[in-house]
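**Q** Predicted structure and sequence below. I'll ask about it afterward.
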Amino acid sequence: MAVGVNVGSDSVPEKTVLYASTGPQLDLYDIDFGDAALEKRAKVTLPANVQYAWLHPSRRWFYVVSSNGGPGVAGDRHWASAFGVEPATGILQPHGEAVALPSRPLHVSVDRSGGFLLIAYNNPSGVTVHRLAPDGTIGAEVEQPKPIDAGIYAHQILTTPGNRTAILVARGNNATAGKAEDPGALKLYGFSEGVLTDQGSIAPDGGGFGPRHIDFHPTKPWVFVSIERQNRLAVYALQSDGTLVRDPLFVRDTLVDPARARPGQQAGAIHVHPNGRFVYVTNRNQREVDDGGRKVFADGENSIAVFAIDQTTGEPTLVETVDGHGVHLRTFGIDPDGRLLVAASIRPILVRGGDEIKTLIAGLMVYRIGEDGRLSFVRKYDVETSAGQQFWSGMVTIG
């Protein structure tokens, strides 16, 4: 999870923790980096199911958006909540009143200055910006002087490293038997004092572009894009004014065998390694078929694709794909020192193994990251999801 600039306290040692959600519950885990182990320490309960979360650049506050909506479900309760972060432990305490939102929020982030909370909504596709008070509480929504072009099915909103522009990732939707494709795009906005102004749209001619998330290289002017609906990774050049060059520098497949992509196959979350030498993308599939009256996992790739990044050109080269040990790896995080990657599978599912059908439990999967960027699976922690799906997780440094 990208969390912006880290500004720690001189009096409290830095500590990296993991947060992971199941339904409305957000759990705090301590991390033992020597043993690559997790230990649950505390929890908080949100007004509705957790959708996404983001740490303030000061590390003092943490913001979570929640909703009782979901894929195909509009819901009627949607919230943004602020928490104070205990510097020594990462324990969260409610901080001010939760703010009601107009529809299901899919993503939340804080701008690079720490002064504004940006929230993306999928249906209707849109963005709101809220001022953040000096004490970290969520303030009033910034009135936008003109409507913005939010594309179709917004999925992520981030300000660029210079904080002069914002990028909204609009996924679009696949074509169906009775409906043409809803095209996806990267929507570019000028960003000043919380005000968004349209600056253009990045999408190839002819459609076939369904982006999900982006991440930035830590030192180079490159933006890495997870293209969900086409199972690809794209790299775009970030210009000095914060806009993108229209055509990608590179486009690469994320699957082991792209020609045999199964129905329901999608690319997922994306994160660049803190050293900028590697980028990681999840491959997800949870499609089920009927098997003797029971819904059983059909087939597909649930893995993490590892790419090496050429530091001169930005070209990504697929190094390996590793087993995800679960279905639908919706989220994952990398610690700020690049030692561990922890991925979260969204829910349990029945799988066939030979003549048997067994339950593959949802979990948190822990991997060590090698000097060459490759992943070594260490262990899986089974996660009970009766309270709701494991929808978001991320590692952050506090203190």
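**A** Thanks, I have the structure now.

**Q** remind me which residues of the chain are low pLDDT?
**A** 1-10 (pLDDT under 70).

**Q** can you name the farthest residue from the center of it?
**A** Within the chain, the residue lying farthest from the chain centre (CA atoms, centre = their mean) is residue 355, at 36.5 Å.

**Q** Residue 389 touches residue 23, doesn't it?
**A** Yes: using CB atoms under 8 Å, residue 389 makes contact with residue 23 at a distance of 6.9 Å. C-beta: built from backbone N, CA, C; applies to glycine.

**Q** Please enumerate the shared neighbours of the two.
**A** The contact sets of residue 389 and residue 23 overlap at residue 49 (CB atoms under 8 Å, 6 or more residues apart in numbering).

**Q** Of these two, which one has the most company?
**A** Ranked by neighbour count (other CB atoms under 10 Å), residue 389 and residue 23 place residue 389 first, with 22 against 19.

**Q** Contact partners for the residue nearest to the spatial centre of the chain?
**A** Centrality entry for the chain: nearest residue to the mean C-alpha point is residue 269, 5.0 Å, by CA atoms, centre = their mean. Residues near residue 269 by CB under 8 Å, 6+ apart: 212-213, 226, 281-282, 329-332.

**Q** How much space separates it from residue 52?
**A** 11 Å (CB to CB, to the nearest Å).

**Q** do residue 198 as well
**A** Residue 198 is 24 Å from residue 52, by CB to CB.

**Q** buried set for stretch 88-105?
**A** 89-92, 95-96, 98-99, 101, 103-105 (16 or more other CB atoms under 10 Å).

**Q** Could you work out the most separated pair of those?
**A** 89 and 103 (34.1 Å; CB to CB).

**Q** still on that earlier bit, what separates the residue farthest from the centre of the chain from residue 99, distance-wise?
**A** 53 Å.

**Q** do the same with residue 165
**A** 25 Å.

**Q** Need phi/psi at residue 229.
**A** Reported as degrees, to the nearest 10, the phi and psi values for residue 229 are phi -80, psi -20.

**Q** Tally up the residues packed near it, please.
**A** Residue 229 has 21 nearby residues by other CB under 10 Å.

**Q** Apart from its chain neighbours, what residue comes closest to it?
**A** Spatial nearest neighbour of residue 229, excluding adjacent residues (CB to CB, 6 or more residues apart in numbering): residue 210 at 2.7 Å.

**Q** mind listing the helices for the stretch 151-300 of the chain?
**A** Counting by DSSP state H, counting those that start in this stretch, the stretch 151-300 of the chain has no helices to list.

**Q** just the strands in it please.
**A** 154-159, 165-170, 185-192, 195-202, 211-216, 222-227, 232-237, 250-253, 266-272, 278-284, 288-291, 294-297 (DSSP state E, counting those that start in this stretch).

**Q** out of those, nearest to residue 179?
**A** strand 165-170 (17.1 Å).

**Q** what lines up beside the closest one in the sheet?
**A** Here strand 165-170 has these sheet partners by DSSP bridges: strand 154-159 (antiparallel), strand 185-192 (antiparallel).

**Q** can you redo those strands as JSON lines with mean neighbour count and distance to residue 19?
**A** Conversion of these to JSON lines gives the following (neighbours: other CB atoms under 10 Å; distance: least, CB to CB, whole Å):
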{"stretch": "strand 154-159", "mean neighbour count": "25", "distance to residue 19": "18"}
{"stretch": "strand 185-192", "mean neighbour count": "21", "distance to residue 19": "27"}
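
**Q** Reformat those strands as a markdown table; add distance to residue 239.
**A** Output for the strands paired with strand 165-170, formatted as a markdown table (distance: least, CB to CB, whole Å):
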| stretch | distance to residue 239 |
| --- | --- |
| strand 154-159 | 15 |
| strand 185-192 | 10 |
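
**Q** I'd like to know which of these lies nearest to residue 13.
**A** Among the strands paired with strand 165-170, strand 154-159 sits nearest to residue 13 (CB to CB), with 29.0 Å.

**Q** what sits up against the closest one?
**A** 2, 106-107, 109, 111-112, 118-122, 125-127, 165-171, 187, 191, 211-214, 216, 228.

**Q** Alpha carbons of it, in CSV - could you do that?
**A** C-alpha atoms of strand 154-159 as CSV (Å, rounded to 0.1, in the frame of the first residue of the first chain):
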residue,chain,number,x,y,z
ALA,A,154,-13.9,4.9,-10.9
HIS,A,155,-11.6,2.6,-8.9
GLN,A,156,-8.7,4.7,-7.5
ILE,A,157,-7.8,8.4,-7.0
LEU,A,158,-4.2,9.5,-6.3
THR,A,159,-2.3,12.8,-6.5
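
**Q** got the angle between that strand and strand 211-216?
**A** 20 degrees (axes from the mean of the first three to the mean of the last three CA atoms, to 10 degrees).

**Q** can you state the direction angle for strand 154-159 and strand 222-227?
**A** Going by the same axes, to 10 degrees, strand 154-159 makes 170 degrees with strand 222-227.

**Q** correct me, but residue 125 touches residue 148?
**A** No: at 10.1 Å, residue 125 does not count as touching residue 148 under the criterion of CB under 8 Å.

**Q** These two: who's more crowded?
**A** With neighbours defined as other CB under 10 Å, residue 125 and residue 148 compare such that residue 125 has more, 22 against 16.

**Q** That one bridge partners, please.
**A** residue 122.

**Q** Would you mind listing the residues in contact with it?
**A** Per CB under 8 Å, 6+ apart, neighbours of residue 125: 150-154, 170.

**Q** Which of the residues you listed ranks first by neighbour count?
**A** In the contacts of residue 125, the most neighbours by other CB under 10 Å go to residue 170, 28 neighbours.

**Q** now the strand or helix carrying residue 367: how far from the chain's centre is it?
**A** Element membership for residue 367 (DSSP states H and E) is strand 363-369. Its chain's C-alpha centre and that of strand 363-369 lie 16 Å apart, by CA atoms, centre = their mean, to the nearest Å.

**Q** Pull out the buried residues from the very next helix or strand once past it.
**A** Note on strand 363-369: by DSSP H and E, the next helix or strand toward the C-terminus is strand 375-382. Residues of strand 375-382 classed as buried by neighbour count (16+ other CB under 10 Å): 375, 377, 380-381.
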